[in-house]
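Chemist: The following block contains a protein sequence and its predicted model.
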Amino acid sequence: MHAQCVLIRLRCNDDHDTANDDEQQTKLLRGADGKFIRTQGRGNGTQPVDEKKVKQLMAQYVISAELPFKGIENEEFNRLCHYLNTSFKPISRKVVKTAVFKEFKCLEAMIKFKLQENGKGKIASTTDMWTSNQSKGYMVLTCHFIDAEWNLYAFPVEFKQIMYPHTAEVLKKVYCEGMGKWQIYPEEISACTLDNASNNVSFMDKISSEMYYPNLCHVRCVAHVLHLIAKESLDIQQDFIGTIRVFINKLFNAPSTKEAFQAHLRITSPHLLECKEPALDTQTRWNSTFEMLEAAMPFREAFDRYAGVVELAIINTLEWEVARMLLQILKPLRDMTLTLCETMNPTIHLVFPLISDLEGKLQATLSGLCESLNEEQQRNSTLVVF
């Protein structure tokens with residue numbers, strides 16, 4: 001309530017200033033030399049506003065900020081615009097909606113021109129499918145190319161809900177319709193990159209064998225191959241990972257236990273209060289599981305001490321040690337995935353050097369882990385003798 005009252009008071013004062021003291025208000029502007037100059041009055045109200053340009057800029061603002069159309073009619077937003085230029089006239093959501101669709105048409109025409117200008121076997125495509133949290137299947141189709149000035153472009157040319165079943169025939173139909181809509185002909189497409197789902201493999205076999213795209217090169221997504229390798233490795237530790245999820249959900253997501261756990265840390269391990277809190281992972285994304293485990297490792301002793309308080313099973317030392325080793329093995333895979341997932345630069349030329357580098361790092365990591373295990377085994381053997 002106090003914050004609301006302050007806001008109302010400030011707004012009242014601002015209204016008073018606008019009505020009575022506008023001539024005495026000053027503003028700072030940068031001159032041609034870059035230095036600040038002082039001028040009288042608010043905004044640049046003496047200069048007329050180009051309404052056509054305003055509509056265009058408003059449409060671009062709505063698109064880039066992903067705003068609803070009604071956001072343009074917000075009272076405080078229009079107060080700001082009027083403050084900057086008193087000749088500004090508010091724009092309705094219908095006007096902005098029309099301007100947004102005009103921007104879309106202009107961009108669509110530009111994309112078609114670029115695609116046609118840079119065709120003739122120079123266009124690569126990627127496609128992927130996923131299921132939304134509403135259990136709806138979607139397919140996106142993107143075209144990539146480098147123009148004569150060596151600028152990399154990536155345009156989504158199709159984004160469509162796909163009804164079940166997601167067979168190879170359905171994928172082929174969406175792919176061909178999407179390319180045809182943009183007047184992209186088979187001879188202009190050099191490759192298609194997909195993940196390793198069985199329906200994608202069947203789709204590529206079908207589209208090549210039936211002479212739709214006879215020269216289309218099937219490129220398997222390297223990042224997805226790494227994903228499959230990492231998921232296979234993490235499956236070994238599913239019981240441990242499940243226990244970590246329970247700890248995180250109990251100690252960091254429930255307000256009452258989180259406050260009690262933080263109070264416990266202030267007494268026993270105050271340095272952990274500055275560590276990043278582990279967050280629950282997205283189980284379909286292995287890198288988020290990696291990040292969850294990585295963030296949980298510093299809390300190892302704290303989890304063990306606090307397990308009895310929240311009635312959770314204590315994680316044994318061997319499980320923690322295996323998890324630590326697993327993180328060491330998976331870290332090079334994570335680093336390679338991040339490098340390959342660059343969106344502003346092509347990365348296919350990095351695949352073989354990265355694979356070679358990955359092999360060396362994994363061998364070094366495994367050698368180090370074997371030495372550690374041998375030393376641990378020797379220590380245990382010495383203790384047994386004594």
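Modeler: It's in.
Chemist: Could you pull out the strands in this protein for me?
Modeler: Secondary structure of the chain, counting by DSSP state E: strands at 26-30, 36-40, 123-131, 137-146, 152-162, 189-194, 217-220.
Chemist: from what I can see residue 252 touches residue 279, true?
Modeler: Yes. Applying C-beta atoms under 8 Å, one finds residue 252 in contact with residue 279, separated by 7.4 Å. Heads up, the C-betas are built off the backbone N, CA and C, glycines and all.
Chemist: more neighbours, the two?
Modeler: residue 252 (19 against 14; other C-beta atoms under 10 Å).
Chemist: Roughly how far does that one sit from residue 327?
Modeler: To residue 327, residue 252 is 19 Å away according to C-beta to C-beta, to the nearest Å.
Chemist: ditto for residue 301
Modeler: Residue 301 is 17 Å from residue 327, by C-beta to C-beta.
Chemist: and if you look at residue 277?
Modeler: Taken as C-beta to C-beta, the span from residue 277 to residue 327 is 18 Å.
Chemist: Residue 111 now?
Modeler: 43 Å.
Chemist: could you say what helices and strands the longest helix seen in the chain packs with?
Modeler: Across the chain, the longest stretch assigned as helix under DSSP state H is helix 351-385. Packed against helix 351-385, as judged by 3 or more C-beta pairs under 8 Å, 6 or more residues apart in numbering; DSSP states H and E, are the following elements: helix 317-340.
Chemist: Enumerate residues external to the helix it packs on that contact any of its residues.
Modeler: Identification of contacts with helix 317-340 by C-beta atoms under 8 Å, 6 or more residues apart in numbering yields 222-223, 226-227, 229-230, 233-234, 236-237, 239-240, 243, 286-287, 290, 293-294, 297, 300, 347, 350-351, 354, 357-358, 361-362, 365-366, 368-369.
Chemist: residue ranges of the helices in this protein, please?
Modeler: Under DSSP H, the chain gives helices at 2-20, 51-65, 75-84, 93-117, 168-181, 198-209, 222-235, 238-251, 255-268, 286-296, 300-306, 317-340, 351-385.
Chemist: Which elements pack onto the second one?
Modeler: By that I understand helix 51-65. helix 93-117.
Chemist: quick one: low-confidence parts of the stretch 1-150 of the chain?
Modeler: 1-46, 119-121 (pLDDT under 70).
Chemist: change it to 90
Modeler: Residue ranges of the stretch 1-150 of the chain with pLDDT under 90: 1-54, 70-71, 81-91, 107-124, 128-137, 144-150.
Chemist: contacting residues around the residue lying closest to residue 262 once chain neighbours are set aside?
Modeler: In space, and not counting its chain neighbours, residue 262 is closest to residue 273: 6.7 Å by C-beta to C-beta, 6 or more residues apart in numbering. Contacts for residue 273 were tallied using C-beta under 8 Å, 6+ apart; they are 262, 265, 266.
Chemist: Sweet, I'm off.
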